[in-house]
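With the input below, show me the fold.
(3 chains)
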Amino acid sequence: MIVLDGVSFHHEYGVALDNVSLHIAAGERVVLLGANGCGKSTLLKLMNGLLLPQQGQVLFQGTALTHGQLRDRRWSREFRRQVGLLFQDPDAMLFNPTVAEEIGYSLRQLPVEERDRRIRHWAAELGLSDLLDTPPFRLSGGEKQRLCLAAVLVLEPALLLMDEPTANLDPRATGWLVDFLLDLEQVTTVVSTHNLSLAAELGDRALMLSEDHRLIYDGPLAAALSDQELLWRANLAHRHRRRRGEAVRIHTHQEWS
Amino acid sequence: MHIPDGFLSPQTFLPAAALAVPAWMYAVRRVAAQLDEQTIPRLAVLTALAFVLTTVMIPLPGGTSGHLLGVGLLALAFGIWPAFLAYSLVLLLQALLFGAGGITSLPVNALIMGLLGAALAVGLHGLLRRWHAATAQVVAVWLSVLLSATAMALVLGAQPLLATDDAGRPLFFPFTAAVTVPAIVLPHLLIGLGEGLLTWMILRMAGPRRSGAMP
Amino acid sequence: MSPRFWLAAYLLAVVAVSFLHEPLWLAIILLAVLLAAGRLAPRLLWRALLAVLLVNLMVSGGYVALSLWQGNPWALTVIRLNLRVLLLTVLTLWLAARIDLVRALSVGPASRFLAVVAINQILLMRRLVQDYRHAFRSRSVQPPRLRDHYRSAARQGVVLMDKAQAQAESLSQGMRSRGVFDDRP
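Prediction:
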């Protein structure tokens, strides 16, 4: 479905991704692991055609994402419909005056009745039915997150990219989101997180980025999560020497943030 | 919109500098009196805000766009003097850090776009608000952009009158006001309206501020 | 030489260039500046050309057209104007490439702090609105209507205003907690 071939990306602050190659097939549930600032968001934006790599290429269903390709309206419309990106900061996605308009924003091409039907359907799915006339910026963090999900899912995308979707959620909302994502069928998902306790619930394949912005692991998620050395190298687990004042053997903890 | 380096004669920018320096000193005193110990952090953040606001695009019909000036917005939200100071600092950063705009034209740009623009926005808003609050914001910012643009066009248009060589040929910007006023003011009829609309939308939605506090 | 020396020299130079009207001299100085810039010269010249291209083409083209129509000579004016603008822009870019402007502009701890914080905040806020623009593009299946553009631009403005408010609060509190304000006389 989506292929990265030798992709490097650097922005004005320096390198964000260094020679990353990977291949994601339809139906996969991928978890993208890495410490803060290692390039997870950049990788997702590259897959969404928002950033274009300086080296290498990103292919969606065999077609390379380039300036020219994305300017092709018909192709671009289909690409935007099929690939949805949930931003880490839900506020970044919301700009319409009401929840209903927010959900319906991408559905302008549909007849009014069909559009309303879909808006009501996804609002109900995500528990937003009572909020349809509310301005999005008045919602709570969890409600905004659900609204963003509705706004993306209303297009019924084939590939759903999610950038730290639980970062702003409380534990109850996090549990709800995990269940919701597991129930989503026929959607390929790539979810980025630095929260290892959650990772196991979100997929079966892991991609791990190191702090020098390379892909250091691509394989079964369970194996990645039990490899303490690998996690330590990716700065996803910490080590310490002392415990409540006593010196003990150096041991590794996973981050349960 | 601001005048780049090389278009203004010293007959223009030297007096403008002589006028701008006391204006900046007065602005610093006013702002410092209001903010006391918080002057520096708040002014720094306000400058950054003014800088990044200019990267927001004003959508125009036909798929084109212009850059937001932001002076009217800052002036209505935080007052004339903070807006003038922040905009002047933005011009300085743009000129020296990014080579955009100009250093010789900075005093003229700061006085016209920063001080005049801010004062017009606040003054007109004060006159119009009793009539209709929302419309007052749109119209005040629109007219402020339009009148600043006119002042800009007049300063540019004065150049061929102020500085010519022995044969009477212009030494700096070559067009007179007969050309600059329509060329600059007409597009700003639309750009200014866009700026007014965006300013009103932003002020309506932005979070609560302690009144007059900055930013 | 200190950054402040170069800043002063630069300010003198730009004013001096404004009093020079002989194209030959302007060209010679431009050449001398480029030679002095050494390895930086091609990049400086290219960036300066890009920076002035649009406006200068419009002004020069308009002036040439008007002069032809009125039967007036135009060459000297156009050459002088473009040389001067290019020279001033190259000088500015050279200064920016050569010296640490934050240090040059720091006439005291306050202005240094102002410059450092302002630049940090610019980077922070730029990254913030960049996300809003990306999200808008990502969500726009159809080309956005004018009204969508306005709504998105207004959201960008709002988030910048709110972010500035929050940052100013926390910066002031951070400074107070570190005792910065207590040192004042």
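
The closest residue to C:Ala27 other than its chain neighbours: how many residues sit nearby?
Spatial nearest neighbour of C:Ala27, excluding adjacent residues (Cβ to Cβ, 6 or more residues apart in numbering or on different chains): C:Leu83 at 5.8 Å. (C-beta placed from N, C-alpha, C; glycine too.) If you count neighbours by other Cβ atoms under 10 Å in any protein chain shown, C:Leu83 ends up with 21.

Am I right that C:Leu83 is in a helix?
Yes: membership of C:Leu83 in a helix is supported by DSSP: H, G, I helix; E, B strand; the rest coil.

Can you show me the strands along chain C?
For chain C, applying DSSP state E gives no strands.

for it, which spans come out with low pLDDT?
Scanning chain C for pLDDT under 70 picks out the ranges C:1, C:180-185.

Tell me the residues of chain B that contact chain A?
B:Met205 (Cβ under 8 Å from any Cβ of the partner chain).

what about the strands in chain B?
B:57-59, B:65-67.

These into a markdown table, with extra columns for distance to B:Asp165?
Formatted as a markdown table, these follow (distance: least, Cβ to Cβ, whole Å):
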| stretch | distance to B:Asp165 |
| --- | --- |
| strand B:57-59 | 39 |
| strand B:65-67 | 35 |
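
which one of those strands is the most hemmed in?
strand B:57-59 (a mean of 21; mean count of other Cβ atoms under 10 Å in any protein chain shown).

Is that one in proximity to chain C?
Yes: Strand B:57-59 lies within reach of chain C by Cβ under 8 Å from any Cβ, at B:Met57, B:Ile58, B:Pro59.

Can you tell me which of those is nearest chain C?
B:Pro59 (3.4 Å; Cβ to the nearest Cβ).

quick one, what contacts the closest one?
Neighbour list for B:Pro59: B:Ser65, B:Gly194, C:Leu146, C:His149, C:Tyr150, C:Ala153 [criterion: Cβ atoms under 8 Å, 6 or more residues apart in numbering or on different chains].

same thing but 10 Å
B:65-66, B:194, B:197-198, C:144-153 (Cβ atoms under 10 Å, 6 or more residues apart in numbering or on different chains).

Same question for B:Leu69.
Residues near B:Leu69 by Cβ under 10 Å, 6+ apart: B:1-2, B:50, B:53-54, B:56, B:58, B:87, B:113-114, B:117, B:141, B:144-145, B:148-149, B:191-192, B:195, B:199.

Among the residues you listed, which lie within helices?
In this view, these that belong to helices under DSSP state H are B:50, B:53, B:87, B:117, B:141, B:144-145, B:148-149, B:191-192, B:195, B:199.

what about the helices in the stretch 101-250 of chain A?
Taking DSSP state H, counting those that start in this stretch, the helices of the stretch 101-250 of chain A run over residues A:112-125, A:141-153, A:171-183, A:196-202, A:221-226, A:228-233.

Helix A:141-153 and the longest one, what's the angle between them?
Comparing the axes of helix A:112-125 and helix A:141-153 via axes from the mean of the first three to the mean of the last three Cα atoms, to 10 degrees yields an angle of 140 degrees.

So which bits of helix A:112-125 are buried?
A:Arg115, A:Arg118, A:Ile119, A:Trp122, A:Ala123, A:Glu125 (16 or more other Cβ atoms under 10 Å in any protein chain shown).
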